[in-house]
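[1] Fold the following.
(one chain, ligands or ions: 2)
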Amino acid sequence: MILIFKPDAGSAHAAKLLSDIREKGILTQEIRGGEALMVGLAGDLSGLSEDSLMRSAVVDRVIRVSEPYKLAGRKFHPEDTCVKAAGRAVGGGSLAVIAGPCSVETEEQILSIARDVKLAGASFLRGGAFKPRSSPYSFQGLGLDGLELLKIAREKTGLPIVTEIMSQEYAEAFGRDVDIIQIGARNMQNFPLLRDVGMLGKPVLLKRGPSCTIDEMLMAAEYILMAGKSQVILCERGIRTFETATRNTLDLSAIPVLKAKSHLPVIADPSHGTGYWNLVEPMAMAAVAAGADGLMIEVHNQPEKALCDGQQSITPALFSRVMGKVNRLHAVLNEPA
Ligand code: PEP
Ligand code: MN
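    Ligands and ions are numbered 1, 2, ... in the order given. Model prediction:
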């Protein structure tokens, strides 16, 4: 619901009405851009009658918002959000590239890849320390030791780090040490995890569940945003379809759909989105052409020896070429008319 106040509504009267509403446990958010004061209301509105709001001397109009995601949606927040993570921007007109191996394996591996992706122009280093593997017998990641190696790589290269949290158990460590906390596709609807990560006050990279609709993804973002502390970056990473030629089907149309429905920055992951290294470059280009604010790309110095996702990892040399291409494309697409 959106309340539009009368132009002559005294600020004290408006503030009193809003504080009465907040006492019912409802979130209020000022919507910028209009001349009159506009405030979005989110939460359980069943105890709030539209009639009684309209009878208030300060309310001009009440607009119902049908989408279940209020904080992630554009109606409460018409202008694009630029997420700042460790001083770097995701959204706001730049192209943010997050690159690195699927999993952190050794100090030598993560340092070598971190140096290479930095040289090629990546803005963030990724690397899984806790790995959500389909088989319990596959490499599960180095856990907290992997996080320590990521911190060393950050210290040596200056690249902020992005890594996946799988359990609330490590919330404190992630809140303290990680620059962008990733929620993986498998945990996109782990609602207690979403709520707890939303309390950490760190930017969150939310990957789309392989069987989730766009609206479900936005509702997951809503869980994180509800605490009012963390910002969210949305990531299209491919969904399950009947097609078997690729690991997942990268849903390119989700990029403009998400950007129309939400103010949050949207990035794409052509590595998990396709499952094959040779498809990463064309789908990275396609995602930028579709309006993505950034990319997440798996890069490995020895893909054939990678402990996880080697078949979809590109070499540092190819990554460097992809960076040149996506940056040129992004610049052309964003030339002033
Ligand atoms: C990853 O980024 O390494 C990963 C496991 O991604 P997803 O959750 O999209 O499968
Ligand atoms: Mn991976």
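[2] tell me what the strand or helix carrying V332 is packed against?
    Using DSSP states H and E, V332 maps to helix 316-333. Other helices and strands packing on helix 316-333, by 3 or more Cβ pairs under 8 Å, 6 or more residues apart in numbering; DSSP states H and E, are strand 96-100, helix 107-120, helix 280-289, strand 294-298. Yep, even glycine has a C-beta here, placed from its N, CA and C like the rest.
[3] Mind doing that once more with 6 Å?
    helix 107-120, helix 280-289 (3 or more Cβ pairs under 6 Å, 6 or more residues apart in numbering; DSSP states H and E).
[4] Run through who's touching it.
    The list of residues contacting helix 316-333 from outside it, by Cβ atoms under 6 Å, 6 or more residues apart in numbering, reads L95, D116, A120, G121, E281, A284, M285, V288, V299.
[5] Repeat the analysis, applying 7 Å as the threshold.
    Applying Cβ atoms under 7 Å, 6 or more residues apart in numbering, the external contacts of helix 316-333 come out as 95, 97, 99, 113, 116-117, 120-121, 280-281, 284-285, 288-289, 295, 297, 299, 301, 314.
[6] so where's the stretch 151-300 of the chain uncertain?
    Across the stretch 151-300 of the chain, nothing is flagged by pLDDT under 70.
[7] show me where it has helices.
    171-177, 191-198, 214-225, 254-261, 270-274, 280-289 (DSSP state H, counting those that start in this stretch).
[8] Comparing those, which comes out most buried?
    With neighbours taken as mean count of other Cβ atoms under 10 Å, the helices of the stretch 151-300 of the chain reach their highest mean count in helix 270-274, at a mean of 27.
[9] now the helix holding V332: mean pLDDT?
    For helix 316-333, the mean pLDDT works out to 98.
[10] which one is whichever residue of the stretch 151-300 of the chain sits closest to ligand 1 nearest to, not counting chain neighbours?
    Ligand 1 sits closest to G184 of the stretch 151-300 of the chain, with a gap of 3.0 Å, by Cβ to the nearest ligand atom. Of all residues not flanking G184 in the chain, E164 sits nearest, at 4.8 Å (Cβ to Cβ, 6 or more residues apart in numbering).
[11] One more: F139?
    L307 (4.3 Å).
[12] ok, back up a step: pull the contacting residues for the residue of the stretch 151-300 of the chain closest to ligand 1.
    Contacts of G184 were listed using Cβ under 7 Å, 6+ apart, and they are P132, E164, K207.
[13] coming back round to it: look up how far G128 lies from the residue nearest to F139.
    10 Å (Cβ to Cβ, to the nearest Å).
[14] for the stretch 1-150 of the chain, what spans make up the helices?
    Applying DSSP H, counting those that start in this stretch to the stretch 1-150 of the chain gives helices spanning 11-23, 50-55, 107-120, 144-157.
[15] neighbouring contacts of the shortest one?
    By Cβ under 7 Å, 6+ apart, the residues outside helix 50-55 that reach it are L3, V59, V62.
[16] Return the residues in contact with the closest residue to G87 other than its chain neighbours.
    Spatially, and ignoring its direct neighbours in sequence, G87 is nearest to P160 (7.9 Å; Cβ to Cβ, 6+ apart). Each residue near P160 by Cβ under 7 Å, 6+ apart is listed here: A85, A86, R88, F124, R154, D179, I180.
[17] and G73, how many residues sit next to it?
    By the other Cβ atoms under 10 Å criterion, the neighbourhood of G73 contains 22 residues.
[18] ok, for it, nearest residue in space, not its chain neighbours?
    G73's closest residue in space is E67 (Cβ to Cβ, 6+ apart), at 5.0 Å.
[19] what's the burial count for that neighbour?
    Other residues near E67 number 16, with proximity taken as other Cβ under 10 Å.
[20] Distance of it relative to A260?
    Counting by Cβ to Cβ, the gap from E67 to A260 is 12 Å.
[21] my guess is A153 meets Q109, correct?
    No. Contact criterion Cβ atoms under 7 Å: A153 and Q109 do not qualify, at 9.7 Å.
[22] Can you pick out the residue with more neighbours from the two?
    The neighbour comparison of A153 against Q109 (other Cβ under 10 Å) goes to A153, with 25 against 22.
[23] how close does the nearest residue to the more buried one once chain neighbours are set aside sit to ligand 1?
    In space, and not counting its chain neighbours, A153 is closest to A114: 4.1 Å by Cβ to Cβ, 6+ apart. To ligand 1, A114 is 16 Å away according to Cβ to the nearest ligand atom, to the nearest Å.
[24] R64 and ligand 2: what is the separation?
    Separation of R64 from ligand 2 (Cβ to the ion, to the nearest Å): 42 Å.
[25] Next to ligand 1, which bits of the stretch 101-250 of the chain? Give me the list.
    Selection of the stretch 101-250 of the chain residues close to ligand 1 by Cβ under 6 Å from any ligand atom yields C102, G128, P132, G184, A185, R186, K207, R237.
[26] burial count for the residue nearest to F139?
    When neighbours are counted by other Cβ under 10 Å, L307 comes out with 20.
[27] Name the SS class of it, please.
    Here L307 takes the coil state, with states given by DSSP: H, G, I helix; E, B strand; the rest coil.
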